[in-house]
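In: can you look at this prediction? I've put the sequence above it.
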Amino acid sequence: MSRGRGLLILTLLLLAAVVVAVLVGETPLRPGDYWTALTRPGSAPGEILWTIRAPRACMAALIGAALGLSGAALQGLLRNPLADPGVLGVSASAGLGAGMAIALGLAAIPGAIELSALAGALVAGALVVALAARFREPETLILLGVSISAFAGALSSLVYNLSPSPVTTAEVLSWMLGSVANRDWPDLISTAIPAAIGALLVAWSARGLTMLTLGEETAALSGLPMARLRAAAVGGAALLAGASVAAAGIIGFVGLAAPHLVRRFAGDDPGKTLLPSALAGAGLLVLADLAARVIPTEQELKLGVVTALFGAPLFALVAWRAARSWRA
C-alpha cells in the first residue's frame, strides 16, 4: 500500500470514528432527535451532541494524535521500537505535578491541575533536552529518562502516602487513570495550543530523524543542525505528551502502538511515520473513549484502563507479526 493511500484511509477512518462517537452514546437518541440537533443546536438533543459528545470526541482525537506523534518521534530519535512518551519521564512528571496540585487542595481553582501537570512536563522536558544536547547516545538518554520517570513515580507515591485524606487519594488516583469526560470546547483550545507547538517542533525535526537512521556519524557529517533537530524532537515530544497528560491524565499504549500500526506502509523512515502515527493514535483513542462510554458498567470506565485492556493485546499482536517478518 502506498503512503498516500494509507494516509487517505487513516483520515477516513478517523472521521468515521469521530462521527460514530458523536452519534452514539449512553443516552439513546431517535432519528428525529438528530435532525433537531442539526436544526436547533440549543435544544436538548443539540446540547447532547454539540456540548457533550462532540468536544469529548474531538478532545480524544487531539490527545490520541499528540500521543501517537510523540511516540513516533521518540521511536525515531532513540531508534528503539519500544520508546513511547513515558520513556523520558515526561508523563510521570506531569502526573506528579497534577497529583501535587490535587493534594494541596488546588482543584477548586479552574485550570490549576492542568497547569501544574503541564509545568511538570515542561520541567522534565527541559531537563531531557539539556541531556540530549550533552549525550548523543540513545541508550544513555533512555537510561536517564527511565531514571527521571522512576524518581517522579516515587514522588507521586509519596504524595499518595502523605495525602491528607482518603478522598484526596481517590481524586489523585482517578485523575491518574485518564479520562476526557466533561471536556468542553475551551478545554480543547487550551490543549491544542501547546500540542500545536510541539507538533511543529517534531515536524521540523523530521529531517534529522530520517538522517539518524544512517547512524550518528553520517548524521553528524550531513550538514544538518543535528543538535538543534535532536533538541526539537525531544522538546516537541515532551510538549505533546505534557499537553496530553495535562488534559486527560496518563494514557498508555497509544504512543507505543500507533507507530507500529502504520509502519507497514510508512516504511522505516521516521520522518514519514509522523503523520500516519498521529492519525492512527487519534483514531485509536476516539474508539477507546467510545468503548469506555458504551460498555455497560455501573461506573464509566476510565480511558487509561480501556487503552491498557485493548492496547496490550493489540501491541502483542503487532509484536508477534513483526517477529515473524524478522524471522522470514
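Out: Happy to help now that I have it.
In: dump the residue contacts of Leu62.
Out: For Leu62, the contact set (C-beta atoms under 8 Å, 6 or more residues apart in numbering) comprises 188, 191-192, 195, 247, 282. C-beta here means a position set from N, CA and C on the backbone, and glycine is covered the same way.
In: tell me the pLDDT at the residue lying closest to Asp184 once chain neighbours are set aside?
Out: In this structure, Asp184 finds its nearest non-sequential neighbour in Pro55, 5.2 Å apart by C-beta to C-beta, 6 or more residues apart in numbering. Pro55 is assigned 95 on the pLDDT scale.
In: what's near enough to touch Pro55?
Out: Going by C-beta under 8 Å, 6+ apart, Pro55 touches 183-185, 187-188.
In: then Ala278?
Out: Ala278 makes contact with 65-66, 68-69, 72, 199, 258, according to C-beta under 8 Å, 6+ apart.
In: so which of those residues is the closest to Glu137?
Out: Taking C-beta to C-beta as the measure, Ala72 is the one of those closest to Glu137, at 20.6 Å.
In: now the helices for the stretch 201-328 of the chain?
Out: Taking DSSP state H, counting those that start in this stretch as the criterion, the stretch 201-328 of the chain carries its helices at 206-212, 216-220, 226-248, 254-266, 270-294, 303-327.
In: which of the contacts of Ala278 are buried?
Out: Taking 16 or more other C-beta atoms under 10 Å as the criterion, what is buried in the contacts of Ala278 is 65-66, 68-69, 72, 199, 258.
In: show me the two of those residues that sit farthest apart.
Out: Longest span within the buried ones among the contacts of Ala278, C-beta to C-beta: Ala199 and Ala258, 14.2 Å.
In: any stretches of the chain with poor pLDDT?
Out: 1, 132-133, 136, 216, 219-221, 315, 318-319, 321-328 (pLDDT under 70).
In: now do Glu217 against Arg134, distance only.
Out: 18 Å (C-beta to C-beta, to the nearest Å).
In: all helices of the stretch 51-200 of the chain, in order?
Out: With DSSP H, counting those that start in this stretch, the ranges of helices along the stretch 51-200 of the chain come out as 54-78, 90-103, 112-134, 138-161, 166-176, 185-204.
In: return the most buried member of these.
Out: Mean neighbour count (mean count of other C-beta atoms under 10 Å) peaks for helix 54-78 among the helices of the stretch 51-200 of the chain, with a mean of 29.
In: which non-adjacent residue is nearest Ser43?
Out: Spatial nearest neighbour of Ser43, excluding adjacent residues (C-beta to C-beta, 6+ apart): Thr36 at 5.2 Å.
In: that neighbour - how many residues pack around it?
Out: 17 (other C-beta atoms under 10 Å).
In: how near is it to Ile197?
Out: Distance from Thr36 to Ile197, counting by C-beta to C-beta: 39 Å.
In: what does Gly68 give?
Out: Counting by C-beta to C-beta - Gly68 and Ile197 are separated by 17 Å.
In: tell me the one of the contacts of Leu62 nearest Thr169?
Out: Comparing the contacts of Leu62 against Thr169 with C-beta to C-beta places Ala247 closest, at 22.1 Å.
In: now the closest one, nearest residue through space, not along the chain?
Out: Among residues not flanking Ala247 along the chain, Thr191 sits closest, at 4.2 Å (C-beta to C-beta, 6+ apart).
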